[in-house]
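S.K.: Structure for the following, please:
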Amino acid sequence: MRYVMKGGNPLVGEVVIGGAKNAALGVLAAAVMTDETVVIENLPDVWDIDVLLNAIRDVGAVVERIGRHTVRINARSIGSVTVNNEFIKKIRASYYLLGALLGKYRRASVALPGGCNIGSRPIDQHLKGFRALGATTVVEYGMVNAEAPHLGGGHVYLDVVSVGTTINIMLAAVLADGNTIIENAAKEPHVVDVASMLNSMGANIKGAGTDVIRISGVQKLHGTEYSIIPDQIEAGTYMAAAAVTMGDVTVRNVIPKHLEAISSKLMEMGCEISEFDDAVRVVAKKRMNHTKVKTLPYPGFPTDMQPQISVALALACGTSIVTESIFENRFKYLDELARMGASAKVEGGNIAVIDGVTRFTGAEVSAPDLRAGAALVLAGLAADGCSVVEDVEYIMRGYESFAEKLRELGAEIRLADNDKDVQKFKLSRSI
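M.R.: Residues are numbered from 1 along each chain as shown. This next block holds a predicted model:
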């Protein structure tokens, strides 16, 4: 499947942001850690979530969709701690089931995770954390196996700040005997959200959102109803869309504090930003200014917003420098962006030097990963003429109703199944 679009329309209007995918994946894993019923609201309707729900169903839990954004889970009937369905290998967050099942059942076996190819993302820190809690870990035949006849509290210092590792150790530790300390922990909003969810189930976690998390193990967790926080990256993508298309977009159902790094960078570039209680408005009245961007763990500029901000900078005045300090393989989309007329070169693997151009022109490009795919769509919406973005399955992993929401802002964009659909769209736009 592909998106076909005609650029040139400034995006104007309001867009409502859904639940945070990265928080939801950890929250869903937490839901299997009790035998009581858990109801999760504000769940994004995206492919990654469907895959994880199917994996939870496959191990024996009862999973009921009670609305597009609400799910009811009861894990009393789990009969297997082996997670190895054909799709689970394709998403990174499959490893959260390792921590959740290890914590509850003292053993787990989960297929090695996949996800976007944006660089090396080893799970050695996860395994180090599990070992600190007394588990033995083995990776063999494409599976990660963890077992702990006695799971006890431990002291874990993370060698690198890692959201996935922080969440996974939290999941395992809440049902361990004794106290656990995680130092150099990730501080991202979705880490806080998973901790809040676990605490609502009876866990005892303190310090989430700081670099030291303290966990006192409890004997069991109980059911809860929990609503997931808004998606910081979805919100940031529509904020960048306003800048790229010289538009005026209000993103609603957000926590403005979570967006401060993005807002501040867009202001540096010349956007007007207005913050409200649960909304942010971005207005771009003139061509953007160049700037420097460096991705950092929260509260720094998020790596998942790097491609979107780079597309905006590729249309800005002057030369911008973008440094990617989290993943080493995240500039692959620049070759695709060059097909639209962008001028950028990568130096040393992790620095992009971007010379702003006055316009993009329509082209056929391929999405190399989730966030880069969204960024290429933004570029197509700013380009002269029609563009086609292939491999949009990546984008569907993390953005709910992406084309529909963009159309509500005035974009001319459609999901096309084949070349015939693409030609039909192009012909209808050339009349």
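S.K.: Which parts of the host helix or strand of residue 293 count as buried, going by neighbours?
M.R.: Secondary-structure assignment from DSSP states H and E places residue 293 in strand 292-294. Under the neighbour-count criterion of 16 or more other C-beta atoms under 10 Å, strand 292-294 has residue 293 buried. Any C-beta I mention is one placed from the backbone N, CA and C, and that applies to glycine too.
S.K.: which residues touch the next helix or strand after it?
M.R.: Proceeding N to C from strand 292-294, the next assigned helix or strand is helix 306-313, under DSSP H and E. Under the criterion C-beta atoms under 8 Å, 6 or more residues apart in numbering, residues 236-237, 240-241, 243-244, 262, 265-266, 269, 288, 290-291, 293, 295, 301, 320, 322, 324, 330, 333-334, 337, 342, 344, 352, 354, 356, 371-372, 374-376, 378-379, 382 lie in contact with helix 306-313.
S.K.: Can you tell me which of those residues end up in strands?
M.R.: Judged by DSSP state E, the contacts of helix 306-313 include 293, 320, 322, 344, 352, 354 as members of strands.
S.K.: Please identify which pair of those lies farthest apart.
M.R.: 293 and 344 (12.7 Å; C-beta to C-beta).
S.K.: Quick check: the residue lying closest to residue 366 once chain neighbours are set aside vs residue 204, distance?
M.R.: Spatial nearest neighbour of residue 366, chain neighbours left out: residue 390 (4.4 Å); criterion: C-beta to C-beta, 6 or more residues apart in numbering. Distance of residue 390 to residue 204, computed by C-beta to C-beta, to the nearest Å: 48 Å.
S.K.: cool, residue 88 as well?
M.R.: 30 Å.
S.K.: And the helices in the protein?
M.R.: Taking DSSP state H, the helices of the chain run over residues 21-31, 47-58, 96-105, 124-132, 163-173, 189-200, 232-244, 260-268, 306-313, 333-338, 370-382, 393-396, 402-408, 419-430.
S.K.: Would you point out the helix or strand in this structure whose mean pLDDT is lowest?
M.R.: The helix or strand of the chain with the poorest confidence is helix 419-430; it has a mean of 88 (mean pLDDT, DSSP states H and E).
S.K.: Residue 390 and residue 204: which is more packed in?
M.R.: residue 390 (17 against 13; other C-beta atoms under 10 Å).
S.K.: Who does the more buried one form a beta bridge with?
M.R.: Listed beta-bridge partners, residue 390: residue 2, residue 366 (assigned using DSSP bridges).
S.K.: residue contacts, it?
M.R.: Per C-beta under 8 Å, 6+ apart, neighbours of residue 390: 2, 364-367.
S.K.: what's the answer for residue 58, then?
M.R.: Contacts of residue 58 (C-beta under 8 Å, 6+ apart): 80, 83, 85.
S.K.: try residue 315
M.R.: Contacts of residue 315 (C-beta under 8 Å, 6+ apart): 244, 287-288, 356-360, 382.
S.K.: what's the pLDDT at it?
M.R.: Residue 315 is assigned a predicted lDDT (pLDDT) of 98.
S.K.: and residue 319, how far is that from residue 294?
M.R.: Taken as C-beta to C-beta, the span from residue 319 to residue 294 is 16 Å.
S.K.: Surely residue 216 and residue 181 touch.
M.R.: No. Look at residue 216 against residue 181 with C-beta atoms under 8 Å: they stay out of range, at 10.5 Å.
S.K.: Export the ones in strands among the contacts of helix 306-313 as CSV, with columns for distance to residue 48 and pLDDT.
M.R.: Converted to CSV, the ones in strands among the contacts of helix 306-313 look like this (distance: C-beta to C-beta, whole Å; pLDDT from 0 to 100):
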residue, distance to residue 48, pLDDT
293, 26, 98
320, 31, 98
322, 26, 98
344, 29, 97
352, 27, 97
354, 29, 98
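S.K.: and those, which are buried?
M.R.: The buried subset of the ones in strands among the contacts of helix 306-313 (16+ other C-beta under 10 Å) comprises 293, 320, 322, 344, 352, 354.
S.K.: okay, the residues you listed in a markdown table with distance to residue 6 next?
M.R.: Below are these laid out as a markdown table (distance: C-beta to C-beta, whole Å):
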| residue | distance to residue 6 |
| --- | --- |
| 293 | 29 |
| 320 | 27 |
| 322 | 28 |
| 344 | 24 |
| 352 | 27 |
| 354 | 25 |
